[in-house]
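>>> pasting the sequence and the predicted model now:
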Amino acid sequence: MLALCIQHRLSGFYLFYYCIVGTFMPFWSLYLEDQGFNYQEIGLLSSIAIVTRFFAPFIWGWIADKSGKRMLLVRIATWIEACIWLMIFIVPNTFQSLALLMLIFSFFQNAILAQFEGVTLFWLAEKRTQLYGNVRKWGSVGFIVAVFSVGTLLEIISISMLPIMLLCIAFLAFLWSFTIPEPRSAPSSQQKLDSILPVLKRPVVAAFFAIEFVLLFSHAPFYSFYSNYLQQVGFSTTQIGFLWSVGVIAEIIMFAYASIFLNRFSWRDLVRLCLVLTSIRWLIVGLFPTIFMAQFFAQTIHAFSFGLFHLIAMRVIFQNFCLSQQGRGQAMYSTMWGLGVAIGSILAGRYWNVFSGEIVFVFAGCSTLLGLLFVRWLPKQLQPAQ
């Protein structure tokens, strides 16, 4: 009974956490545009929200390992998040003040998930393999519920109310965190760490991280401006929320049936497939902006753009980094993700008005194909799961 109760509590926190993500990611750029910021400023603010992925996981991981108080850190982070959304109504909405608030928000936001994952794995114990997926899926449910409900709500109320929604959800996440007990023990920190430099020099690892950078660079216009882009051509916030949710649903389906691909094809073939389909995705977004079904189809490709590629990335990390290097391998994956999106967001914002949103997405589609230059160093033969 206790184990089932803990599972429900863990699932609930994932639900609230990804409700925050589902409220923030699709609609924050629309809020910034409503507040009078131009696309270059929105691109810079979006990049600031991603920059902390470079260092936040390392800092919070070190603090958690030293203190052993992972849930305490989660509670502090969710409380600070709630305070940030409250501060938006107190301080003037200047570029400088929002940049500072976004830096603080993203620093704590990027810290929560990694620490809570550790808490989840502890409480699931020896059943983590069987139960983790059932618990974690509630995060996807939370994202879908948020984009649907917030998108519909914004048809009735002003986008200027978005911070209030984020404040309420963050406060609920803070309250819910008290239902989850602190793990009784935490992994001890290592005194001497094996260097990961030799691993990074392996052709397969270096090539894969280069491909990841290119792929996420092409995602930057989508993460930073897709909602603005759709609103410009006449889509409602309900339709925008629906299209965002299509991508998440496609991702969930891929996670469920990825073995069909992973057990039959090599990393090289699958990564090549992900790159080509992602290129097609951005070309469709750029060339057919007003056609709803074209945007719907483009969003289904998220199953490959993120879903399948992410699963391959986990295999690359698990098979190339030893146990004592896994944390830094995951941090490197997160860093390349942030670097690609941050640089891409700055450039997309800089050139959005110089050219147009359509041209920016077409350029993103073409840039994705640069990743094919590095595919040759990935394994040709099928790589079995470990």
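That came through fine.
>>> now I240: which helix or strand?
helix 237-257 (DSSP states H and E).
>>> okay, now the unreliable bits of the stretch 51-200 of the chain?
57-58, 61, 65-66, 114, 126-130, 184-194 (pLDDT under 70).
>>> let's go with 50 and repeat that
186-191 (pLDDT under 50).
>>> what sits up against stretch 164-181?
Outside stretch 164-181, the residues that touch it by C-beta atoms under 8 Å, 6 or more residues apart in numbering are 6, 9-10, 12-13, 16-17, 19-20, 23-24, 71, 74-75, 78-79, 81-82, 85-86, 89, 119, 123, 146, 150, 153. C-beta here means a position set from N, CA and C on the backbone, and glycine is covered the same way.
>>> for it, could you pull out the residues that count as buried?
165-167, 169-174, 176-177, 180 (16 or more other C-beta atoms under 10 Å).
>>> just those residues now: which is nearest E41?
L166 (19.8 Å; C-beta to C-beta).
>>> from W377, how far off is the closest one?
Distance, L166 to W377, using C-beta to C-beta, to the nearest Å: 42 Å.
>>> ok, A125 next?
Going from A125 to W377 by C-beta to C-beta gives 39 Å.
>>> tell me where the stretch 51-200 of the chain has helices.
Secondary structure of the stretch 51-200 of the chain (DSSP state H, counting those that start in this stretch): helices located at 56-67, 70-87, 95-124, 128-153, 162-177, 197-200.
>>> what's the closest of these to F292?
helix 128-153 (14.2 Å).
>>> quick one, the biggest helix by length in the chain and helix 162-177 angle?
Identified as the longest helix of the chain according to DSSP state H is helix 2-34. Per axes from the mean of the first three to the mean of the last three C-alpha atoms, to 10 degrees, the angle that helix 2-34 makes with helix 162-177 is 170 degrees.
>>> roughly how far out does helix 2-34 sit from the chain middle?
Averaging C-alpha positions (C-alpha atoms, centre = their mean, to the nearest Å) puts helix 2-34 12 Å from its chain's average.
>>> could you check the angle helix 237-257 makes with it?
If you take the same axes, to 10 degrees, helix 2-34 sits at 140 degrees to helix 237-257.
>>> show me what helix 2-34 packs onto, helices and strands only.
In terms of contacts (3 or more C-beta pairs under 8 Å, 6 or more residues apart in numbering; DSSP states H and E), helix 2-34 is packed against helix 39-51, helix 95-124, helix 128-153, helix 162-177, helix 203-232, helix 237-257.
>>> F288: neighbour count?
F288 is flanked by 15 other residues according to other C-beta atoms under 10 Å.
>>> any idea how far S46 is from it?
Taken as C-beta to C-beta, the span from F288 to S46 is 24 Å.
>>> and G22, by the same measure?
G22 is 16 Å from S46, where distance means C-beta to C-beta.
>>> picking that back up, can I have the buried ones of the contacts of stretch 164-181 as a PyMOL selection?
Applying 16+ other C-beta under 10 Å to the contacts of stretch 164-181 leaves a buried subset, and the PyMOL line that selects it is:
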select buried, resi 6+9+10+12+13+16+17+19+20+23+24+71+74+75+78+79+81+82+85+119+123+146+150+153
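>>> which non-adjacent residue is nearest F292?
Q239 (6.9 Å; C-beta to C-beta, 6 or more residues apart in numbering).
>>> wait, S279
T368 (4.1 Å).
>>> show me the domain layout of this structure.
Domain ranges of the chain: 2-177, 197-377, per automatic domain parsing.
>>> next, count neighbours for L30.
20.
>>> can you verify my assumption that it contacts S158?
No - counting by C-beta atoms under 8 Å, L30 does not reach S158; the two are 10.9 Å apart.
>>> what about I59, distance to I164?
30 Å.
>>> same question but for W282, I mixed them up
Taken as C-beta to C-beta, the span from W282 to I164 is 33 Å.
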